[in-house]
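[1] Here is my input, please return the structure:
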Amino acid sequence: MTASSDVGFHAQRQARWHYGEFAFWLVVLACGFLFPTRYLIMTDILRLALFAMSLDLILGYAGIVSLGHAAFFGVGAYAAGLLALHGIINEPVLALIVAGLAAMVLGFATSFLVIRGVDLTRLMVTLGIALLLEALAERFSNITGGTDGLQGIEMQPIFGEIPFDMFGKAGFFYSLAVLFVLFLFARRIVHSPFGLSLRAIKNNPLRAAAIGIPVNRRLIAIYTLAAFYAGIAGALFTQTTAIASLDVFAFERSADLMLVLVIGGTGYLYGGLVGAVVFRMLQELFSTITPQYWQFWIGLVLVVIVLVGRQRLHRWVLYVPNLVIKQVAGRKSVVAVPESDA
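    Numbers count the residues shown, from 1 in each chain. Have a look, this model is predicted:
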C-alpha cells in the first residue's frame, strides 16, 4: 500500500460513524425527555458545546490559540437581539443565520491580523479584539443598552409555529437541532481534504507551504468559519434567554471556553461537547456544595487531568461501555479516544 493510499484509507476510516457516536446523540436526545425540569441548564450546555466546538475548529485543527473568542459570541448575541427587538427579522432561524454571518464578517476582517502572529501574539491580538468590542458596546449604549443590555426582547415562534416557553423546552430542542446540524457540517469539513490540510498546517506550516498548501488562505477560511459558529452560539444565547448584555463579551467567557477544551480535549469534535457537559455539571455541583470556592475545585480537577492524562482518564471512563458494546456488536471499541491532544 502506497503512502497516499494509506493516508486515504486512514481518513476514510476516521470519517465513518461509530456506534458510540450514535449512542452519544441518542443519549442527548433522551435527556430532553428524561429530565423535563432541567431544560434551562441543558440548553446552556448545548450553547456552550457549540461555542466550544467553534474554538476547537481553530485550536484543535489549525493550531490558532485564542483568548478573545467571546468577541464573535457577543456580536452574534447582539445581532440576534437587535434584529428581534426592532422587528427587522422576526423568524428566529433566519435571524440566527444573519447573526452568524455578522460574526463571520468580523472573523474574516480580523483574521488577517491573527494569522500574522504566532501563539503569544495571537493570544494578545484575539484578546485585544474582544476587549475593544466590549468597550465599543459600552460606548454606544444607545444601541447596545450599555450595562443594562437590551431590554424588551421578544422572540417570535420558530417557523411561526413553535413558541419559546418559559420552561425552556422549545429552546432546548431548537438548540439541539442547531448544534446537530452544525456538528454534521463541521464533521464533514474536518474529515475532508481541507481538514487534512489544516492538520498538516498545524503540525508543520513550513512543510505544508512547501508541498503547495495555501497556508494563509486555509487559516483565514477556518478562522472565519469558527467565527460563524461562535456567532450562532451567541445568537442562540439571546434567542433562548431573551437577554443580551455586555457580559457576552467578557473575558471570563473565553477563559471558560479554554477550560472546556482542556477537560474534553482538542482536535476531536466530541471533546468540546463532552467538555461542556463535564464543565457545567462540575460547576453546578461545586457551586452547590461550596458557592464561594467552586473555582478552586474545578482548578483541582484540571490539575488531576494534567497529572494523570486525559487519554488515561478516557480509557478508564469508557472501559465498561466499550466492553459491553464489544460483546453485543462485536466491535473493538465504542467511543474513539482522540489520538492526540493539542
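
[2] okay, now the domains of this structure?
    1-34, 35-250 (automatic domain parsing).

[3] which one of those domains lies closest to Gly275?
    Proximity to Gly275 (Cβ to Cβ) singles out domain 35-250 among those, at 6.0 Å. C-beta here means a position set from N, CA and C on the backbone, and glycine is covered the same way.

[4] for that closest one, how far is the first residue from the last?
    30 Å (Cα to Cα, to the nearest Å).

[5] By mean pLDDT, show me the worst of the domains of the chain.
    Ranked by mean pLDDT, the domains of the chain end with domain 1-34 at the bottom, a mean of 73.

[6] Can you tell me the number of residues neighbouring the closest residue in space to Leu59 that isn't next to it in sequence?
    Excluding its sequence neighbours, the residue lying closest to Leu59 (Cβ to Cβ, 6 or more residues apart in numbering) is Thr266, at 5.3 Å. By the measure other Cβ atoms under 10 Å, the count of residues near Thr266 is 25.

[7] Against which helices or strands is the helix or strand encompassing Arg199 packed?
    Per DSSP states H and E, Arg199 falls inside helix 193-203. Helix 193-203 sits against helix 205-210, helix 215-241, with contacts defined as 3 or more Cβ pairs under 8 Å, 6 or more residues apart in numbering; DSSP states H and E.

[8] Let me know which of these is tucked in deepest.
    helix 215-241 (a mean of 25; mean count of other Cβ atoms under 10 Å).

[9] before we move on, back to that, can you convert the domains of the chain into CSV and add a column each for distance to Asp256?
    Converted to CSV, those look like this (distance: least, Cβ to Cβ, whole Å):
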stretch, distance to Asp256
domain 1-34, 21
domain 35-250, 8
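
[10] right, so these: which one is the most enclosed?
    Neighbour counts (mean count of other Cβ under 10 Å) averaged over each of the domains of the chain peak at domain 35-250, with a mean of 20.

[11] hey, where'd the helices end up in the stretch 1-150 of the chain?
    3-15, 19-34, 39-59, 70-85, 92-114, 120-139, 141-144 (DSSP state H, counting those that start in this stretch).

[12] Switch these over to TSV; also include distance to Arg188.
    Converted to TSV, the helices of the stretch 1-150 of the chain look like this (distance: least, Cβ to Cβ, whole Å):
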stretch	distance to Arg188
helix 3-15	8
helix 19-34	14
helix 39-59	12
helix 70-85	21
helix 92-114	17
helix 120-139	26
helix 141-144	36
